[in-house]
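Undergrad: could you look at this predicted model? Sequence included:
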Amino acid sequence: MTLLGTPLDESARRRLEKARTVLDEFAARAAVIRLGGGESGIRREHERGKMTARERVAALVDDPDGFLEFGLFAGFGMYEEQGGCPAGGTVAGIGRVSGRLCVIVANDATVKAGAWFPITARKNLRAQEFALENCLPILYLVDSAGVFLPMQDEIFPDRDHFGRIFRNNAILSARGIPQIAAIMGSCVAGGAYLPIMSDEALIVRGTGSVFLAGPFLVKAAIGEDADQETLGGAETHSRISGVTDYEVENDAEAIATIRDLVSRFGERPTAGFHREAPAGPAFDPRDLHALMPVEGHLPYDMREILARIIDAGSWTEYKEGYGRTLLTGYARIEGWSVGIVANQRVTVRARGGKKSHVDEMQAGGVIYSDSADKAARFIMVCNQKRIPLLFLQDVTGFMVGTRAEHGGIIKDGAKMVNAVANSVVPKFTVVVGNSYGAGNYAMCGRSYDPRLMLAWPTARIAVMGGQQAARTLLQIQVAKMKRQGREPDAEEQKTLFESILAHYEETTSAYHAAARLWVDEVVDPADTRRWLAIGIEMADSNPEMPIFRTGVLQT
């Protein structure tokens, strides 16, 4: 076993001071989002005798501190003209309920009465993907006014819009993946299908209601007068229509009933990923605060990151002396066997290899031909051995230039992308720093179906780095102005460059990506190990795995 990592030195401790600003901003933003629609909305729910979405989830899971919430930043900075949509109006995550890992989705009625924005639909679809890919039970805590009508054209008709949720209900049920829904508030129109297409449905007396059309629409459509309870309340659906299976007195009884139902689930087969007794990491995961790349252009050793994520003594490196701008090797996380592909950003000395074009190079997150070749082979080997894969991204892209092209960088890059695309073992991705260009694809970006994709607050996802992009965009702007007969002076160009750069930096941030669910969650680096351990455990819940077949891999 190769020894990984060293204790923090004085320079790392100094870097921690810069990191504190990033971490404080992360914590402050998360705290505001967790308030949902604000204190007044929370008070209003309590006055109605209801728990809030977060209170319901906390009561449902075995350990609230163990609940892993994803999509917290969904909708962040979006829909400002509509008053915002914190967390996409939904609390979603993975938690243990009566000892069983479950996906949990709870509408937040403090946010526009739980109405569905476009990002709400995407977040609910992502939750169903978690359940489908990992064969996890999914529990819905329903309290929603339905589609946010001013934006109905962005949520209703397309393939991955609202209707896809009900299609997934049917697919989940057909695959034998349990779905339990509790109607704890309004459940209107198309949204009524979600709980009723679940395998079992509960309804809370007095606050829960479910109908295709509410009293006002019924009056307008057919002239009938009907109050909400008579039309679709708990007594109607539990004693007359038979639509719901359990009638409960309040939120607390609904949650207790769900826990009871989950406790009765039978055991299911697993994928059988190898696990042994967990060992702690060699160094404190909180050290990652001092190691995360706050300044994305500066080099650092990815081995130091790994030493605070993987189990101590578990690292076995694959092709250590070859293709050294990528680290590849076997490790364990909380005892789970995992194969790791990680970008390396320190200055390294190339040690031979037919495709090494320089004796010494600044890695900078660049993927060279030999690195891509090594990674492709390692990914194939992990698939042969049924070992899940973890990608740690801090990549600026593939090497460019005459030497790289003559050496076949396109061919070797395609080989790596091919292996990632055809991989059948579960893949997990953590964006530590940069995630630029084709490097995002080769290192298992969102397009390549990682079971879980996380980002540190320092993450940047873009076609290219901010400085290069801003210069390119500036040249285009200046050329356009010249064609219009006006040539900007140096000061004007500087102002324009700074404006372009600021906008570009904002749209490449971790929060911008998380708002649009390009990543599942922005996480505190110190929590990375815990997220990955649960991720592998949930992936082990799915026993089905196709045979690994690659496409054409040119040698």
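TA: Arrived safely. Numbering: from 1, shown residues only.
Undergrad: below-threshold pLDDT in the stretch 451-555 of the chain: ranges please.
TA: Within the stretch 451-555 of the chain, the segments meeting pLDDT under 70 span 552-555.
Undergrad: and with 90 instead?
TA: 463-507, 545-555 (pLDDT under 90).
Undergrad: quickly find the element holding Arg54.
TA: Using DSSP states H and E, Arg54 maps to helix 53-60.
Undergrad: packing partners of the helix or strand just after that helix?
TA: Remark: after helix 53-60, the chain's next helix or strand is strand 68-70, criterion DSSP H and E. Judged by 3 or more Cβ pairs under 8 Å, 6 or more residues apart in numbering; DSSP states H and E, strand 68-70 is in contact with strand 90-97, helix 118-134, strand 521-522, helix 528-539. (Each C-beta comes from the backbone N, C-alpha and C, glycine too.)
Undergrad: picking that back up, which helices and strands sit right next to the helix holding Arg54?
TA: Judged by 3+ Cβ pairs under 8 Å, 6+ apart, the packing partners of helix 53-60 are strand 90-97, strand 100-107, strand 138-144, helix 251-263.
Undergrad: of the helices and strands packed on strand 68-70, which is nearest Glu55?
TA: Of all the helices and strands packed on strand 68-70, it is strand 90-97 that lies closest to Glu55, at 9.9 Å by Cβ to Cβ.
Undergrad: which one of the helices and strands packed on helix 53-60 lies closest to His512?
TA: His512 lies closest to strand 90-97 among the helices and strands packed on helix 53-60, at 19.4 Å (Cβ to Cβ).
Undergrad: quick one: strands adjacent to the closest one?
TA: According to DSSP bridges, strand 90-97 forms sheet pairs with strand 68-70 (antiparallel), strand 100-107 (antiparallel).
Undergrad: and the angle from the longest one to strand 138-144?
TA: An angle of 10 degrees separates the directions of strand 100-107 and strand 138-144 when computed by axes from the mean of the first three to the mean of the last three Cα atoms, to 10 degrees.
Undergrad: quick one, strand 100-107 and helix 528-539 angle?
TA: Using the same axes, to 10 degrees: strand 100-107 against helix 528-539 is 100 degrees.
Undergrad: what sits up against strand 100-107?
TA: 53-54, 56-57, 60-61, 67, 89-97, 114, 124, 127-128, 130-131, 136-144, 185, 262-263, 265, 534, 537-538, 541 (Cβ atoms under 8 Å, 6 or more residues apart in numbering).
Undergrad: just the buried residues of those residues.
TA: For the contacts of strand 100-107, a burial check counting by 16 or more other Cβ atoms under 10 Å picks out 53-54, 56-57, 60-61, 67, 89-97, 114, 124, 127-128, 130-131, 136-144, 185, 262, 534, 537-538, 541.
Undergrad: can you give me the helices in the stretch 101-250 of the chain?
TA: 118-134, 162-174, 193-196, 215-222, 228-232, 234-235 (DSSP state H, counting those that start in this stretch).
Undergrad: can you redo these as TSV with mean pLDDT and distance to Asp394?
TA: Output for these, formatted as TSV (pLDDT from 0 to 100; distance: least, Cβ to Cβ, whole Å):
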stretch	mean pLDDT	distance to Asp394
helix 118-134	97	24
helix 162-174	94	34
helix 193-196	90	39
helix 215-222	84	53
helix 228-232	88	52
helix 234-235	92	53
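Undergrad: in JSON lines: these, plus distance to Gly5.
TA: Output for the helices of the stretch 101-250 of the chain, formatted as JSON lines (distance: least, Cβ to Cβ, whole Å):
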{"stretch": "helix 118-134", "distance to Gly5": "31"}
{"stretch": "helix 162-174", "distance to Gly5": "42"}
{"stretch": "helix 193-196", "distance to Gly5": "47"}
{"stretch": "helix 215-222", "distance to Gly5": "63"}
{"stretch": "helix 228-232", "distance to Gly5": "59"}
{"stretch": "helix 234-235", "distance to Gly5": "57"}
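Undergrad: so which of the ones you listed gets nearest Arg275?
TA: helix 118-134 (15.9 Å).
Undergrad: now that closest one: buried residues?
TA: Under the neighbour-count criterion of 16+ other Cβ under 10 Å, helix 118-134 has 118-128, 130-134 buried.
Undergrad: which strands and helices sit next to it?
TA: Packed against helix 118-134 by the contact rule (3+ Cβ pairs under 8 Å, 6+ apart) you find strand 68-70, strand 90-97, strand 100-107, strand 138-144, helix 162-174, helix 528-539.
Undergrad: grab the nearest non-local neighbour of the residue nearest to the spatial centre of the chain.
TA: The centroid of the chain falls nearest to Asp520 when counting by Cα atoms, centre = their mean (1.1 Å). Nearest residue to Asp520, sequence neighbours excluded (Cβ to Cβ, 6 or more residues apart in numbering): Phe70, at 4.4 Å.
Undergrad: for Pro450, which non-adjacent residue is spatially closest?
TA: Closest residue to Pro450 apart from its sequence neighbours, by Cβ to Cβ, 6+ apart: Thr429 at 4.2 Å.
Undergrad: my guess is the one you found meets Asn440, correct?
TA: No: counting by Cβ atoms under 8 Å, Thr429 does not reach Asn440; the two are 9.4 Å apart.
Undergrad: rewinding a little: residues contacting the residue nearest to Pro450?
TA: Contact partners of Thr429, counting by Cβ under 8 Å, 6+ apart, are Leu390, Phe391, Gln393, Met443, Cys444, Gly445, Pro450, Leu452, Met453, Leu454.
Undergrad: show me what the last one is bridged to.
TA: Following DSSP bridges, Leu454 is listed with bridge partners Val430, Glu521.
Undergrad: for the second one, same thing?
TA: On the basis of DSSP bridges, Phe391 is bridged to Val341, Thr429.
Undergrad: my guess is it contacts Pro450. True?
TA: Yes: contact criterion Cβ under 8 Å: Phe391 and Pro450 qualify, at 7.4 Å.
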